[in-house]
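K.L.:
predicted model follows, preceded by the sequence.
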Amino acid sequence: MSVPAGWEAVIGLEVHCQLLTQSKIFSGAATAYGAAPNTQADAVTLGLPGVLPVLNAAALEMAVKFGLAIDAQIAERCVFARKHYFYPDLPKGYQISQYEQPIVSKGHLDIEVGEKVQRIGITRAHMEEDAGKSLHENFSGQTGIDLNRAGTPLIEIVSEPDLRNAQEAVAYLKKLHQLVVYLAICDGNMQEGSFRCDANVSVRRAGESKFGTRTETKNVNSFRYVEKAIEYEIQRQIGVLESGGKIVQETRLFNPDTGETRAMRSKEEAMDYRYFPDPDLLPVVVTKADVERIRATLPELPEARKARFESQYGLPAYDAGVLTGERALADYYESVVKASGADPKLCANWVSTDLLGALNKLGRDMATSPVSAEALAGMLRRIADKTISGKIAKEVFEAMLAGEGGADEIIKAKGLVQITDEGAILRAIDEVMARSPDNVAAYRAGKDKLFGFFVGQVMKATQGKANPEAVNRLLKQKLTA
């Protein structure tokens, strides 16, 4: 849905990205998802008297890794602050976050929308602890509080207001999601809340330079919902302004059942949180040596890997984009190419079409694929050495998916070795032509489309095992003799 003529939307996203540490950001309590309520809330998380927070070094390194990946500035000295607000799921009455001196600032991501490449600025990414969770579903007239999530390490990634419609916002969000998963700093699970988005939206008349009053739609946890929430909010705000009303700065919630946002509370300003440096945490100093050590651990990033797949393997841009969309998929593909020695484009077709299609039907991901990279490579080797044809390979692949063994085992058990003996293929061609003299005469009289009929009959006579290249070549020779 496009923004109505005469109006312009201004959108910025705040993304909370849960870091893949084994323990919380300021204590040794576990961060495992799905534990019984309140079993992972230790004394530090609860803010009991006398406890002191200690920064998780792994969380700091992950934040720096992210900053390097977006070509941002890494602060040599960053400070933690207390952000005060009073919710039942915030046991200390404040959240430890960063305010004036975040660990990461002034980065960017490049996104593609259609054929246009657009640079989106990232204002900052700061470390903070997560709050707990309020539960309403199973408590009639009451609210249950689960503090397992409290203290879980996050980076909050704040974009510049550079986005102008919902499609750009989703493209940016997907690119960001891809990046944090590639870096192995976040599992990206939106359903579990590991990667969630707050959308800041305002509208203004086309040509105006001053920003309109913004609203913030909180905790949207799917790409589709982000798109719908932003589109709804744009239309709602334009409707209010065109009818002579004013936009109220407020926090809103998105209802996926109705596709609408609704007011939740008035929006706080920074001064409302009464930020001040946390007296229990020393400033964090990150040396240049620390930065370079962390830089050395960065994986090949998606854009660089896509470009290499195009140049090294000769893949079209689309294929390279699909295969590098997920780090595990790109790793799988490269393993197949190296182990099989087969044509990289053939490998790409099997991985991106046959394998991904099968996993989609089975509801599985790369980590749980029933066909390993080595197993698929084994099958592709048999295509390359002409033991089996591409058509027979489909049957072999289905058997591999069903757990019937490796390619060689299946080929032997099912008798699927391709017929390459030209004498045997010629005998089959002679039999087919002898059974269809009228079709032979019609083909020789100019009905070229009958060639496909003869190919089909020869393949049927050989139970699909004849080498298709040889069949086509020998059949053409016979029919034109």
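P.N.:
All right, it came through fine.
K.L.:
quick one, what contacts Glu227?
P.N.:
If a contact means CB atoms under 8 Å, 6 or more residues apart in numbering, then Glu227 has Ala166, Gln167, Ala169, Val170 as its contacts. Quick note: C-beta positions are derived from backbone N, CA and C, even for glycine.
K.L.:
what mean pLDDT does the helix or strand hosting the third one get?
P.N.:
Element membership of Ala169, judged by DSSP states H and E, is helix 166-182. Per-residue confidence for helix 166-182 averages out to 97 on the pLDDT scale.
K.L.:
the helix or strand that that helix is followed by packs against which elements?
P.N.:
Remark: after helix 166-182, the chain's next helix or strand is strand 195-205, criterion DSSP H and E. In terms of contacts (3 or more CB pairs under 8 Å, 6 or more residues apart in numbering; DSSP states H and E), strand 195-205 is packed against strand 7-18, helix 166-182, strand 215-220, helix 223-242.
K.L.:
alpha carbons only: can I get stretch 109-129 in PDB?
P.N.:
Extracted C-alpha coordinates of stretch 109-129, given in PDB (Å, rounded to 0.1, in the frame of the first residue of the first chain):
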ATOM      1  CA  LEU A 109      22.600  -0.700   6.400                       C
ATOM      2  CA  ASP A 110      22.000  -0.700   2.700                       C
ATOM      3  CA  ILE A 111      18.600  -2.100   1.600                       C
ATOM      4  CA  GLU A 112      17.200  -3.000  -1.700                       C
ATOM      5  CA  VAL A 113      13.600  -2.100  -2.500                       C
ATOM      6  CA  GLY A 114      12.800  -3.100  -6.100                       C
ATOM      7  CA  GLU A 115      15.900  -2.000  -8.100                       C
ATOM      8  CA  LYS A 116      16.700   0.800  -5.800                       C
ATOM      9  CA  VAL A 117      19.500   0.600  -3.200                       C
ATOM     10  CA  GLN A 118      19.000   2.900  -0.200                       C
ATOM     11  CA  ARG A 119      21.200   3.600   2.700                       C
ATOM     12  CA  ILE A 120      19.500   3.600   6.100                       C
ATOM     13  CA  GLY A 121      21.400   5.300   9.000                       C
ATOM     14  CA  ILE A 122      21.600   3.600  12.300                       C
ATOM     15  CA  THR A 123      21.800   6.200  15.100                       C
ATOM     16  CA  ARG A 124      23.000   3.900  17.800                       C
ATOM     17  CA  ALA A 125      22.900   0.400  19.200                       C
ATOM     18  CA  HIS A 126      23.100   0.300  23.000                       C
ATOM     19  CA  MET A 127      23.300  -2.600  25.500                       C
ATOM     20  CA  GLU A 128      20.600  -3.000  28.100                       C
ATOM     21  CA  GLU A 129      18.800  -5.600  30.200                       C
END
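K.L.:
how far away from the center of its chain is that stretch?
P.N.:
Centroid separation between stretch 109-129 and its chain, computed with CA atoms, centre = their mean, to the nearest Å, is 15 Å.
K.L.:
in that stretch, which residues are buried?
P.N.:
Of the residues in stretch 109-129, those buried by neighbour count under the rule 16 or more other CB atoms under 10 Å are 109, 111, 113, 120-129.
K.L.:
repeat for stretch 440-457
P.N.:
Under 16+ other CB under 10 Å, the buried positions of stretch 440-457 are Val440, Tyr443, Leu450, Phe454, Val455, Gln457.
K.L.:
what's the answer for stretch 386-400, then?
P.N.:
Judged by neighbour count (16+ other CB under 10 Å), stretch 386-400 contains these buried residues: Thr387, Ile388, Ser389, Ile392, Ala393, Val396, Phe397, Ala399, Met400.
K.L.:
tell me which of those is nearest to Ala377?
P.N.:
For the buried residues of stretch 386-400, the residue nearest Ala377 by CB to CB is Met400; the value is 11.5 Å.
K.L.:
the closest one in helix, strand or coil?
P.N.:
Judged by DSSP: H, G, I helix; E, B strand; the rest coil, the three-state class of Met400 is helix.
K.L.:
so how far is Asp331 from it?
P.N.:
To Asp331, Met400 is 19 Å away according to CB to CB, to the nearest Å.
K.L.:
repeat for Ala393
P.N.:
23 Å.
K.L.:
picking that back up, now tabulate the helices and strands packed on strand 195-205 in CSV and tack on distance to Tyr85.
P.N.:
Formatted as CSV, the helices and strands packed on strand 195-205 follow (distance: least, CB to CB, whole Å):
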stretch, distance to Tyr85
strand 7-18, 15
helix 166-182, 26
strand 215-220, 13
helix 223-242, 23
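K.L.:
of all these, which one is nearest Gly144?
P.N.:
Of the helices and strands packed on strand 195-205, nearest to Gly144 by CB to CB is strand 215-220, at 17.5 Å.
K.L.:
neighbouring contacts of that closest one?
P.N.:
Residues from elsewhere that reach strand 215-220, judged by CB under 8 Å, 6+ apart: 14, 193, 196-202, 226, 229-230, 233, 237, 247-254, 261, 264, 267.
K.L.:
mind redoing it with 6 Å?
P.N.:
196-201, 226, 229, 250-252, 254, 261, 267 (CB atoms under 6 Å, 6 or more residues apart in numbering).
K.L.:
stretch 162-177 too?
P.N.:
3, 9, 11, 109, 111, 113, 120-121, 188, 195, 223, 226-227, 230-231.
K.L.:
state the pair within those that is farthest apart.
P.N.:
Val3 and Gly188 (28.8 Å).
K.L.:
tell me what the helix or strand where Ile429 lies is packed against?
P.N.:
Remark: Ile429 resides in helix 422-435, with elements defined by DSSP H and E. Judged by 3 or more CB pairs under 6 Å, 6 or more residues apart in numbering; DSSP states H and E, helix 422-435 is in contact with helix 451-461, helix 468-479.
K.L.:
in CSV, list the ones you listed along with mean pLDDT and distance to Lys175.
P.N.:
Below are the helices and strands packed on helix 422-435 laid out as CSV (pLDDT from 0 to 100; distance: least, CB to CB, whole Å):
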stretch, mean pLDDT, distance to Lys175
helix 451-461, 78, 45
helix 468-479, 75, 42
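K.L.:
could I get the ones you listed as a markdown table with distance to Pro91?
P.N.:
Listed next are those as a markdown table, based on distance: least, CB to CB, whole Å:
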| stretch | distance to Pro91 |
| --- | --- |
| helix 451-461 | 71 |
| helix 468-479 | 69 |
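K.L.:
of all the ones you listed, which lies closest to Met366?
P.N.:
Taking CB to CB, helix 468-479 is the member of the helices and strands packed on helix 422-435 nearest to Met366, at 31.1 Å.
K.L.:
hang on, the earlier thing: and of the buried residues of stretch 440-457, the nearest to Arg295?
P.N.:
Val455 (56.9 Å).
K.L.:
want to try a markdown table for the buried residues of stretch 440-457, with distance to Gly378 as columns?
P.N.:
Putting those into a markdown table (distance: CB to CB, whole Å) gives the following:
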| residue | distance to Gly378 |
| --- | --- |
| Val440 | 41 |
| Tyr443 | 40 |
| Leu450 | 38 |
| Phe454 | 33 |
| Val455 | 28 |
| Gln457 | 32 |
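K.L.:
closest to Phe66 out of those?
P.N.:
When those are compared against Phe66 (criterion: CB to CB), the nearest one is Val455, at 55.5 Å.
K.L.:
against Ile383, how distant is the closest one?
P.N.:
Counting by CB to CB, the gap from Val455 to Ile383 is 19 Å.
K.L.:
what packs against the helix or strand where Ile410 lies?
P.N.:
For Ile410, the host element (DSSP H and E) is helix 407-414. Using 3+ CB pairs under 6 Å, 6+ apart, the elements in contact with helix 407-414 are helix 373-384, helix 390-401.
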